[in-house]
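Visitor: kindly return the folded structure for what I paste below:
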Amino acid sequence: MTAFSRALHTGESLMDRQEQIEQLLELYQNPAHRGELAAADVSHEGGNPGCGDIVTYHLKVGSDGRIEQLRFEGHGCTISQAAAELVAERMEGTNLTAVEGLTHDEIVDLLGREVVMSRPRCATLALGTLKDTVRLYRQEHRDVCPE
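Guide: Predicted coordinates for the structure are as follows:
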């Protein structure tokens, strides 16, 4: 298990600056969750108008409130798009409440605080957008949405 995989699953920051940069590039260049999701229950776009970063999340939610599938589309800087992949990787398979409980600080730490704090809006765009997507899902599915 790599330092990044351990950090992703435990929340620990085990990487030095160079490892953080390498992992950002890996997330950016090889995203496993990038793409459309035709059967999405909800899709929502968020962005930073000042810098042009855009992230759209697509969710398929099970009857138990778990995110069965999570995909994203978007464009922008390495940090915003790497964060979109990281958030998708971490949240797919969890329940909606876990998304709501995840903090910006946790994402910044997983991405590498030292590397991304020069661009905090880029680093936190994905999580903010996913939280908005969950809020939208809950509004649209009030009668069937598990708490």
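
Visitor: enumerate the positions of stretch 95-105 that are buried.
Guide: For stretch 95-105, the neighbour count (16 or more other Cβ atoms under 10 Å) marks 95-96, 99, 102 as buried. To be clear about C-beta, it is placed using only N, CA and C from the backbone, and glycine gets the same treatment.

Visitor: worst-scoring helix or strand of this structure, pLDDT-wise?
Guide: helix 3-10 (a mean of 52; mean pLDDT, DSSP states H and E).

Visitor: what is the following helix or strand past that helix packed up against?
Guide: As assigned by DSSP states H and E, the chain's next helix or strand after helix 3-10 is helix 17-29. Under the contact definition 3 or more Cβ pairs under 8 Å, 6 or more residues apart in numbering; DSSP states H and E, helix 17-29 sits against helix 3-10, helix 78-91, helix 104-111, helix 113-116.

Visitor: distance to Q23 added to these, as a markdown table?
Guide: Shown next, in a markdown table, are the helices and strands packed on helix 17-29 (distance: least, Cβ to Cβ, whole Å):
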| stretch | distance to Q23 |
| --- | --- |
| helix 3-10 | 4 |
| helix 78-91 | 8 |
| helix 104-111 | 8 |
| helix 113-116 | 9 |
